[in-house]
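S.K.: Attaching a predicted model along with its sequence, questions to come.
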Amino acid sequence: MSAAEEDALYLDYAVRWRPGHALPGRHTSRLSGAGGHFRAYRPFWQVPDARQIDVRRSIMNPFDQIMVRQTDDRTSISVVIAADVSRSMQPTQASENLRTVARIAQAAARSAHRAGDAFGLIGFDTAPRADLYLPPSRSRGATAAALKSLRVLHPDGKTAAGITNLAAFLPSRRCLVILASDFLFTPELLERALKTLAPHDVAPIVFHESREREIPGSGLMRLQDSETGEKRLYLMRPALARRWQTARAHWRTNLENIFLRHCRPAFHVEGKLDLARLGEHLLEC
């Protein structure tokens with residue numbers, strides 16, 4: 001495997017908040033410690049850490065105080081992939097949504113382990129699934145087993161209602177939750193779910209079905225509901241096609257507004273996944 005191919009298996013991410021625990025890692029903590037970013041100079045009596053005494057600053061101090069460099073500690077976080085595995089996410093001739101989710105999960109796991117972070121996985125359809133649940137862990141063996149279960153899954157859940165129960169499976173400490181779904185459910189359900197996830201840093205990834213953007217202007221069409229499997233025959237007319245596109249644009253705008261109220265802006269997957277661009281998104285937002 002070349003260096004470029006090896007790098008492509010990683011997913012960059014960053015958080016804007018500061019964890020409040022002392023587990024070693026690469027993220028800036030709220031706690032002070034050695035080896036992090038410089039915060040300020042403090043008198044020794046405020047920060048009694050002899051390792052951080054700054055001789056030059058102490059000599060220059062007009063009050064003859066011993067001065068100490070105070071730095072932010074570096075700590076770790078938990079990264080959790082919350083994956084919609086309901087029937088609408090199953091692979092088709094025009095879509096590989098679930099395979100793409102598995103690829104994202106593998107890249108995120110590799111990045112988390114490289115950074116010293118814990119990686120977790122929660123698959124959900126009508127409810128969070130026990131066979132696709134991995135609490136945040138640094139065990140590469142446990143991670144590999146969970147990712148294998150995700151890759152070989154054949155979705156059969158009719159809905160993604162389990163999204164409202166994700167919070168019960170997350171750690172009490174704040175973590176980065178990468179929420180992957182096509183979000184083909186009611187705005188009310190999404191609002192309720194994101195409110196329960198408010199203590200965490202949620203980064204949504206929205207998957208789009210290419211066939212939904214390619215509705216012809218006229219002719220007979222047999223459409224299938226992605227969740228229920230129900231099929232209906234429609235006579236597509238230009239006016240109906242325009243209504244379809246208008247409704248889809250409204251759905252996307254409404255989705256973006258919900259995300260902006262509750263979490264990070266969404267990353268949209270339309271066609272083939274660009275893992276590098278997803279990483280840039282997770283670093284910037």
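M.R.: Here it is on my side, so go on. Residues are numbered from 1 along each chain as shown.
S.K.: Near the closest residue to Phe185 other than its chain neighbours, how many other residues are there?
M.R.: Leaving aside its sequence neighbours, Phe185 sits nearest to Ala160 (Cβ to Cβ, 6 or more residues apart in numbering; 5.5 Å). C-beta coordinates here come from the backbone N, C-alpha and C atoms, glycine included. Ala160 is flanked by 26 other residues according to other Cβ atoms under 10 Å.
S.K.: show me what contacts Ala160?
M.R.: With contact taken as Cβ atoms under 8 Å, 6 or more residues apart in numbering, Ala160 is in contact with 84, 86, 88, 124-126, 181, 184-185, 189, 227.
S.K.: Return the distance of it relative to Ser172.
M.R.: Distance of Ala160 to Ser172, computed by Cβ to Cβ, to the nearest Å: 24 Å.
S.K.: Repeat that for Ala161.
M.R.: Distance of Ala161 to Ser172, given as Cβ to Cβ: 24 Å.
S.K.: between those two, who's got more neighbours?
M.R.: With neighbours defined as other Cβ under 10 Å, Ala161 and Ser172 compare such that Ala161 has more, 17 against 6.
S.K.: My impression was that Leu98 belongs to a helix - is that right?
M.R.: Yes - assessed with DSSP: H, G, I helix; E, B strand; the rest coil, Leu98 lies in a helix.
S.K.: OK, contacts around Asn254?
M.R.: Counted by Cβ under 8 Å, 6+ apart, Asn254 has contacts Pro187.
S.K.: my guess is it is in a helix, correct?
M.R.: Yes - under three-state DSSP, Asn254 sits within a helix.
S.K.: Now do it against Phe267, distance only.
M.R.: Asn254 is 17 Å from Phe267, where distance means Cβ to Cβ.
S.K.: Could you do Gly141 as well?
M.R.: Gly141 is 30 Å from Phe267, where distance means Cβ to Cβ.
S.K.: More neighbours: which of those two?
M.R.: Per other Cβ under 10 Å, whichever of Gly141 and Phe267 has more neighbours is Phe267, with 21 against 8.
S.K.: so how many other residues sit close to His113?
M.R.: Using other Cβ under 10 Å, His113 has 17 neighbouring residues.
S.K.: ok, now Val152?
M.R.: When neighbours are counted by other Cβ under 10 Å, Val152 comes out with 8.
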